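> Predicted model and sequence follow; I will ask about them next.
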Amino acid sequence: LSEFECDLLVRLAEELGFTSGEDVVDVPIEVRDNDVCVLLASQPMVAELCRRLQHLVPHLGAQGATLCKPEFINARFRVYRYRSVEEGLDVRVPQSFGPHYDGAQPPSGVTD
C-alpha cells in the first residue's frame, strides 16, 4: 500500500474504534496483548490488493495443484494497535503480539 492508502486505513480503524479484541480474535491474552479493529474490506479493495500481490504468490504447488484463487486475500482485515507504557496503559510492559502460528481462516465477505 502507498503511504496515503496506509494513512486512510489507519484513520478508518481509528474512526471505527479499537477494542481489546477478546470477543473477535480467538488468541489468548498471553500471546496477543494489543488493541484490535476488525473490518470487512470491500470486494474492489480485495481484488485490487490481490492484483498487486499476484506476482509474489505461487499459484501452483506439487504436481500442478492450484494453491490459491484469483482473490486470495481474506476480506476480514484485522488492524492492530500497540500502545506503550508511556501512553498511559494500566500495565507495566508495552503491548505485544508474541510468536504464534496462524491457523486456517475461513473466507469472509458479504453475500446478497
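Done, it's in.

> what about the helices in this protein?
Counting by DSSP state H, the chain has these helices, from start to end: 3-16, 43-53.

> List the residue ranges of this structure that fall below the pLDDT cut-off.
Residue ranges of the chain with pLDDT under 70: 27-31, 61-62, 67-68, 70, 85-94, 96, 98-107, 110-112.

> returning to what we had before: quick one, which of the helices of the chain is packed in tightest?
Most buried of the helices of the chain by mean neighbour count (mean count of other CB atoms under 10 Å) is helix 43-53; its value is a mean of 14. Yep, even glycine has a C-beta here, placed from its N, CA and C like the rest.

> before we move on, back to that, just send the helices of the chain back as JSON lines, with distance to residue 75 too.
JSON lines is the format used below for those (distance: least, CB to CB, whole Å):
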{"stretch": "helix 3-16", "distance to residue 75": "14"}
{"stretch": "helix 43-53", "distance to residue 75": "5"}
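
> Out of the ones you listed, which gets nearest to residue 59?
Proximity to residue 59 (CB to CB) singles out helix 43-53 among those, at 11.5 Å.

> Now do the closest one: everything it contacts.
By CB atoms under 8 Å, 6 or more residues apart in numbering, the residues outside helix 43-53 that reach it are 41, 70-73, 75, 109.

> ok and that helix relative to helix 3-16, angle-wise?
Angle of helix 43-53 versus helix 3-16, following axes from the mean of the first three to the mean of the last three CA atoms, to 10 degrees, is 140 degrees.

> who wins for proximity to residue 97 among the helices of the chain?
Nearest to residue 97 among those is helix 3-16; the distance by CB to CB comes to 15.8 Å.

> I'd like to know which elements the closest one is packed against.
The contact analysis (3 or more CB pairs under 8 Å, 6 or more residues apart in numbering; DSSP states H and E) places helix 3-16 against strand 35-40, strand 76-81.

> so of those, which one's packed in deepest?
Among the helices and strands packed on helix 3-16, ranked by average contacts under mean count of other CB under 10 Å, first place goes to strand 35-40 (a mean of 17).
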